[in-house]
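Participant: model the structure of this input:
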Amino acid sequence: MTGVLIVVFALLFFACILVSIALHEIGHMVPAKAFGIRVPKYFVGFGPTLWSTTRGETEYGIKWIPLGGYVRLMGMYPPARPGRRDTRLARFADSARAYEWDEITPEDIANNRLFYQKKTWQKLIVMAGGPVMNLLIAFALFWSILGLHGSWQPQPVVAEVQSCIIRETQPTAQCLVPDTPAAKSGIRAGDRVVEFNGVAISSYPQLTDLIRANLDGEARLVVERDGVRTPLTPVHTVVTGVPDKLDPGKRIPAGWFGITPTSVLVKGGPGDVVAQMWQLTEQSAVAIAQFPVKVYNVAVDLIQGKPRDIYGPLSIVGASRAAGEVAASSAIDGTDKLVLFGSLLAAVNLFLALFNFVPLPPLDGGHIAGALWEAIRRAGAKLLGRDDPGPFDTAQLLPVAYVVGAFLLLTGAVLIIADIISPMQLL
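Facilitator: Sure thing, here's the model as predicted:
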């Protein structure tokens, strides 16, 4: 029965991602139509057409391979400039340009219905509309979770004092004399930490940061016990390895004290959501920068039969399977399952938005970079009193787009295979 539930919830999550992709493309299509750009096609998926219908001048449909989507905007490639050099790159660009211009009509040109004819700010809105839609979805999901349910926040109040330092050569069960800094300091369950090395403590994350930065230095704590401020015995924190905040797969040296905090369910507002998304954005930026290396490591681990790194990348298949396992787990209650399911979907949308902002074609960020470069060229020409250089010929970037596209196809295939053969074990 558990296996059936995993499949059901995995398919549900997969469907939610497809809805997110569909909304991403709507984020492009709506402003494009508003600015008068002709939009002949809007599809979810790739490959052969499963279903389609035409409304007005746009064909809407679903393709057989549900791993993406696209909206076609007419006039992405401007006409070739007269007198340009006849190079291999120019001929390559012209071949792609000719394919698109076969469907462009004189009315499209006369009525200013082509993408390249639009102003820079309009191009930026159209191309940023997709990622911004994913950001809005992520924000709405996170706000729903934080506003309606809340999140468990650690407090600077001690729930448990760890007695023994865990060492490879000495299991915890063999620890006869408490040896953690916390145990030696005399701190007790129920104590609220109010001061660390002279610094007033207002939150547990602040306390954690101070302890980590302390390494093996002296630690002087003051706690509030039964309403009375009580200084503890000065001790030295010990150095251990902890996950880096921006790259959890990397361990860094940090100070360690040895307490477990209490946690309370705290609801938040839009500001708290923005702060949460900003922290995830920083982590995602590091993950995107390391993406090629991480995918390579996934391939190597798969070949060598090693378990998956829980901080490694997932495909849409892997993310759906992980969501299915969470939703079907008996170790998590119903409300927390819904929260984790929604949080994972929000995180996927945030990552999709940030990934699409990477300034490389065929990603949205590549087109945004092209529009900005066009604006810079025109502004520079105007400042120097030169003729308008015209629209930037994005067709010249097609070799880059093909390389990036091939890379994305290859990495997608590697991750999907790994997620099927060697799935990540989250629970």
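
Participant: give me the number of neighbouring residues for Ser52.
Facilitator: Look at Ser52: counted by other CB atoms under 10 Å, it has 13 neighbours. C-beta coordinates here come from the backbone N, C-alpha and C atoms, glycine included.

Participant: what's the spacing between the residue minimising distance to the centre of the chain and Trp143?
Facilitator: Most central in the chain under CA atoms, centre = their mean is Phe351, positioned 1.9 Å from the mean C-alpha point. Counting by CB to CB, to the nearest Å, the separation of Phe351 from Trp143 is 18 Å.

Participant: next: Val132.
Facilitator: In terms of CB to CB, Val132 sits 16 Å off from Trp143.

Participant: and the helix or strand of the chain with the lowest mean pLDDT, what does it pack onto?
Facilitator: Here the helix or strand of the chain ranked lowest by mean pLDDT, DSSP states H and E is helix 88-101, holding a mean of 80. Judged by 3 or more CB pairs under 8 Å, 6 or more residues apart in numbering; DSSP states H and E, helix 88-101 is in contact with helix 398-421.

Participant: just the CA coordinates of the helix it packs on, formatted as PDB?
Facilitator: C-alpha atoms of helix 398-421 as PDB (Å, rounded to 0.1, in the frame of the first residue of the first chain):
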ATOM      1  CA  LEU A 398      22.700  30.100 -31.600                       C
ATOM      2  CA  PRO A 399      26.000  28.000 -31.300                       C
ATOM      3  CA  VAL A 400      26.100  28.900 -27.600                       C
ATOM      4  CA  ALA A 401      22.400  28.000 -27.300                       C
ATOM      5  CA  TYR A 402      23.000  24.600 -28.900                       C
ATOM      6  CA  VAL A 403      25.900  23.900 -26.600                       C
ATOM      7  CA  VAL A 404      24.000  24.900 -23.500                       C
ATOM      8  CA  GLY A 405      20.900  23.000 -24.700                       C
ATOM      9  CA  ALA A 406      22.900  19.900 -25.400                       C
ATOM     10  CA  PHE A 407      24.500  20.200 -21.900                       C
ATOM     11  CA  LEU A 408      21.000  20.500 -20.300                       C
ATOM     12  CA  LEU A 409      19.800  17.500 -22.200                       C
ATOM     13  CA  LEU A 410      22.800  15.400 -21.100                       C
ATOM     14  CA  THR A 411      22.600  16.400 -17.500                       C
ATOM     15  CA  GLY A 412      18.800  15.900 -17.500                       C
ATOM     16  CA  ALA A 413      19.300  12.400 -18.800                       C
ATOM     17  CA  VAL A 414      22.000  11.600 -16.300                       C
ATOM     18  CA  LEU A 415      19.900  12.800 -13.300                       C
ATOM     19  CA  ILE A 416      16.800  11.000 -14.500                       C
ATOM     20  CA  ILE A 417      18.700   7.700 -14.900                       C
ATOM     21  CA  ALA A 418      20.300   8.200 -11.500                       C
ATOM     22  CA  ASP A 419      16.900   9.000  -9.900                       C
ATOM     23  CA  ILE A 420      15.400   5.800 -11.300                       C
ATOM     24  CA  ILE A 421      18.400   3.400 -10.600                       C
END
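
Participant: run through who's touching that helix.
Facilitator: Residues from elsewhere that reach helix 398-421, judged by CB atoms under 8 Å, 6 or more residues apart in numbering: 67, 89, 92-93, 96, 291-292, 295, 298-299, 301-302, 308, 313-318, 321, 360-363, 366.

Participant: also stretch 222-238?
Facilitator: Defining contact as CB under 8 Å, 6+ apart, one finds that stretch 222-238 is touched by 158, 165, 180-181, 184-188, 190-196, 211, 214-221, 255-257.

Participant: what does stretch 331-338 give?
Facilitator: 149, 326-327, 329, 340, 427.

Participant: tabulate those residues in JSON lines, adding columns for secondary structure and neighbour count.
Facilitator: Shown next, in JSON lines, are those (DSSP: H, G, I helix; E, B strand; the rest coil; neighbours: other CB atoms under 10 Å):
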{"residue": "His149", "secondary structure": "helix", "neighbour count": "14"}
{"residue": "Val326", "secondary structure": "helix", "neighbour count": "24"}
{"residue": "Ala327", "secondary structure": "helix", "neighbour count": "21"}
{"residue": "Ser329", "secondary structure": "coil", "neighbour count": "18"}
{"residue": "Leu340", "secondary structure": "helix", "neighbour count": "18"}
{"residue": "Leu427", "secondary structure": "coil", "neighbour count": "9"}
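
Participant: returning to what we had before: in the least confident helix or strand of the chain, what's buried?
Facilitator: Using 16 or more other CB atoms under 10 Å as the test for burial, helix 88-101 gives 90, 93-94, 96-97, 100-101.

Participant: tabulate those (TSV), appending distance to Arg386.
Facilitator: Formatted as TSV, the buried residues of helix 88-101 follow (distance: CB to CB, whole Å):
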residue	distance to Arg386
Ala90	22
Ala93	23
Asp94	25
Ala96	28
Arg97	25
Glu100	29
Trp101	28
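
Participant: distance from the chain centre to the helix or strand hosting Gly255, please.
Facilitator: Per DSSP states H and E, Gly255 falls inside strand 251-256. Centroid displacement of strand 251-256 relative to its chain, using CA atoms, centre = their mean, to the nearest Å, is 26 Å.

Participant: same thing with stretch 49-65?
Facilitator: Taking CA atoms, centre = their mean, the mean C-alpha location of stretch 49-65 is offset from the chain mean by 29 Å.
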